[in-house]
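**Student:** make a model of this:
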Amino acid sequence: EKTKLSKYFFTMLSCRLFHKSNLSRSKTFLRYNSSSTTSQPLDCAYELGASNLRFGPGATAEVGYDLRDALGVKRVVVFTDSNVGNLSSMQILLESLSLNKLEVTVYDAVRVEPNDISFKHAIDWLSRQQYDAVVAFGGGSVIDTAKAANLYARFPPNDFYDYVNPPVGKGMPVPSGSLPPVIAIPTTAGTGSETTGVAIFDDSSTKSKTGIANRRLKPTLGIVDPNNTVTLPREVATYSGLDVLCHAIESYTAMPFNRRPKPPNPTLRPAYQGSNPISDVWSLFALNTAARCLPRAVRDGNEDDRAQMLLASSAAGLGFGNAGVHLCHGMSYPIASQVGSYRPSAGYNSVDHAIVPHGLSVIVTAPSVFSFTGEANPERHAKCAKILAEARLGVSNVDYNKLGGDDDAGLWLADEIREIMQLLNVPIGIRSLGYSEEDIPSLVEGTLPQHRVTKISPRAVGAEELHSLFTNALDN
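**Tutor:** Presented below is the predicted three-dimensional model:
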């Protein structure tokens, strides 16, 4: 009861704080996507939901104590993939579990960029195990698979798509009752999945990405250990880092939470609420950190910069996990799921299927997207561009009015994103991934069902707008 009262007080206080601090900016907000403005009252509250986080080199070795003493469990299932499972850091994890006399079973068949088939395989396997807790050790694919398998094993639905986001699935709520705890230990600096209640997968039948989103899927604890990213290949560090960049910019430029209809009751407030003052803090921290550290983390493999990128990843997760992402991610889902034969030239040699790494599928449309959304809130787009420009130039006084200003804020941000893509030697445009004009209708169809993210775009989009955005993204 005390927790409920605290949550109620927080949301009401945040409502009042927002309106008091943003009255002077109401004209700016009116430029936003108004497609959701109906006779229904608009929301006035926002929530912060997050996993507990622990950050520090060597923190992985503490997981055994957390499970035995803090959570009181005895039987643990570890999710990983075949590549991560062979790293020395995996042995540190297993030793910690062994020292604390925990019964351990390992599932190392997670698919990089999971799909409905690999999810079902993991669910079937976990459903046959006796376990008290789950440890997810790997990148976003591993953590998302573990979240989904844990949910379906504990609360089996009548149909696989019952929990899946609409319109692909029914979007049914997670049943009442406790889920076994999940401890997430990321080995890439990108997805921020250790902080979110989202599990993403490729859906074979619709040729699109979709997922499951519910605050109750958030891990109980995220252990963010920089030692786990020391051996991250350059290409993986590049694309996961660009995912951080887009998480930060998209969540900061998303439609504000108070332009979205008020839910009938607080439990129906979506996890992706729209930009809000609390998410802004985390998103801007992540953007500032990634703008400074990503190029050095990739170019030099500097451990301090890689540690900062891991911290930025979790910070961005706190930002977008409560605000949401929009068009870059919405458009990335069919780009990744409809890939033909593309495979990165390096860094993903252990992957046995065609793949567009998630961060690449997101960043490749970013110049097209932000050129389009800039007019919704020029001030926010210009602020993001200024942060990127100052990090690139090594200065702290870029005058964005001389470099474009509000009128061209979206174009300026697009140019700065192209700059960092070129610096990191990232493919420019979706044509470089094997797509052409003939593929655009299918890509549009794959994006239209992504309501969870497209509906918080700062500018409303339909099939016509998406067709133009994909066309512009062919060669960027």
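
**Student:** which residues does Leu310 contact?
**Tutor:** Remark: with contacts taken as CB atoms under 8 Å, 6 or more residues apart in numbering, Leu310 is in contact with 55, 186, 189, 224, 226, 229. To be clear about C-beta, it is placed using only N, CA and C from the backbone, and glycine gets the same treatment.

**Student:** sorry, wrong one. I was asking about Phe201.
**Tutor:** Phe201 touches 114-116, 118-119, 144, 148, 209-211, counting by CB under 8 Å, 6+ apart.

**Student:** show the pLDDT at it.
**Tutor:** pLDDT for Phe201: 95.

**Student:** what values do phi and psi take at it?
**Tutor:** phi -150, psi 160 (degrees, to the nearest 10).

**Student:** max-length helix in this protein?
**Tutor:** helix 277-299 (DSSP state H).

**Student:** just how off-centre is it within its chain?
**Tutor:** The chain centre lies 14 Å from the centre of helix 277-299; the measure is CA atoms, centre = their mean, to the nearest Å.

**Student:** how about that helix: buried residues?
**Tutor:** By neighbour count on 16 or more other CB atoms under 10 Å, the buried set for helix 277-299 is 278-279, 282-295, 297-298.

**Student:** neighbours of the nearest residue to Ser345 once chain neighbours are set aside, how many?
**Tutor:** Closest residue to Ser345 apart from its sequence neighbours, by CB to CB, 6 or more residues apart in numbering: Glu235 at 7.9 Å. The number of residues packed near Glu235 is 21, by other CB atoms under 10 Å.

**Student:** my read: Glu235 touches Pro344, true?
**Tutor:** Yes. Between Glu235 and Pro344 there is a contact under CB atoms under 8 Å: 5.6 Å.

**Student:** which neighbours do the two share?
**Tutor:** Common neighbours of Glu235 and Pro344 (CB under 8 Å, 6+ apart) are Pro357.

**Student:** returning to what we had before: out of the contacts of Leu310, who's the most crowded?
**Tutor:** Busiest of the contacts of Leu310 [other CB under 10 Å] is Ala189, holding 33 neighbours.

**Student:** secondary structure class for that residue?
**Tutor:** coil (DSSP: H, G, I helix; E, B strand; the rest coil).

**Student:** poorly predicted segments of the protein, please.
**Tutor:** 1-38, 400-407 (pLDDT under 70).

**Student:** need the outlier residue of it, farthest from its centre.
**Tutor:** Note on the chain: the largest C-alpha distance from the chain mean falls to Lys101, namely 34.3 Å (CA atoms, centre = their mean).

**Student:** quick check: chain neighbours aside, which residue is closest to that one?
**Tutor:** Arg68 (7.2 Å).

**Student:** the one you found reaches Val104, doesn't it?
**Tutor:** No. Arg68 is beyond contact range of Val104, at 11.9 Å (criterion: CB under 8 Å).

**Student:** which of the two has more neighbours?
**Tutor:** Using other CB under 10 Å, the more surrounded residue of Arg68 and Val104 is Arg68, with 19 against 16.

**Student:** Gly321 versus Thr195, what's the distance?
**Tutor:** 5 Å (CB to CB, to the nearest Å).

**Student:** what's near enough to touch the most centrally placed residue in the chain?
**Tutor:** Closest to where the C-alpha atoms of the chain average out (CA atoms, centre = their mean) is Thr191, at 4.8 Å. Contact partners of Thr191, counting by CB under 8 Å, 6+ apart, are 139-140, 143-144, 240, 243, 313, 317, 358.

**Student:** not counting its own residues, what contacts the helix or strand hosting Gly410?
**Tutor:** Element membership for Gly410, per DSSP states H and E: helix 409-423. Helix 409-423 is contacted by residues 242, 245, 249, 291, 294-295, 363, 366-368, 370-375, 378-379, 381-382, 384-385, 388-389, 392, 400, 403-404, 428, 476 when judged by CB under 8 Å, 6+ apart.

**Student:** quick one, which of those residues are buried?
**Tutor:** If we count by 16+ other CB under 10 Å, the contacts of helix 409-423 have these buried: 242, 245, 249, 291, 294-295, 363, 366-368, 370-375, 378, 381-382, 384-385, 388-389, 392, 400, 403-404, 428, 476.

**Student:** keep only those of the residues you listed that are in helices.
**Tutor:** Those of the buried ones among the contacts of helix 409-423 lying in helices (DSSP H): 242, 245, 249, 291, 294-295, 363, 366-368, 370-373, 378, 381-382, 384-385, 388-389, 392.

**Student:** what ranges do the helices span in the stretch 151-300 of the chain?
**Tutor:** Assigned by DSSP state H, counting those that start in this stretch, the helices in the stretch 151-300 of the chain fall at 234-253, 277-299.

**Student:** could you give the angle of the shortest one to helix 378-393?
**Tutor:** When you say that, I think you mean helix 234-253. If you take axes from the mean of the first three to the mean of the last three CA atoms, to 10 degrees, helix 234-253 sits at 150 degrees to helix 378-393.

**Student:** tell me which residues of helix 234-253 are tucked away?
**Tutor:** 235-253.

**Student:** how far does it sit from the chain's center?
**Tutor:** With CA atoms, centre = their mean, you get 9 Å for helix 234-253.

**Student:** and what of stretch 223-240?
**Tutor:** 16 Å.

**Student:** do stretch 49-62 as well
**Tutor:** The answer for stretch 49-62 is 18 Å, by CA atoms, centre = their mean.

**Student:** put the alpha carbons of the helix holding Gly410 into CSV.
**Tutor:** Provided in CSV are the C-alpha atoms of helix 409-423 (Å, rounded to 0.1, in the frame of the first residue of the first chain):
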residue,chain,number,x,y,z
ALA,A,409,17.5,21.9,-37.2
GLY,A,410,16.5,18.6,-38.6
LEU,A,411,18.8,18.9,-41.6
TRP,A,412,21.7,19.9,-39.4
LEU,A,413,21.1,16.9,-37.1
ALA,A,414,21.0,14.7,-40.2
ASP,A,415,24.3,16.1,-41.4
GLU,A,416,25.9,15.5,-38.0
ILE,A,417,24.7,11.9,-38.0
ARG,A,418,26.2,11.4,-41.5
GLU,A,419,29.5,12.8,-40.1
ILE,A,420,29.7,10.2,-37.4
MET,A,421,28.6,7.4,-39.8
GLN,A,422,31.4,8.3,-42.1
LEU,A,423,33.9,8.6,-39.3
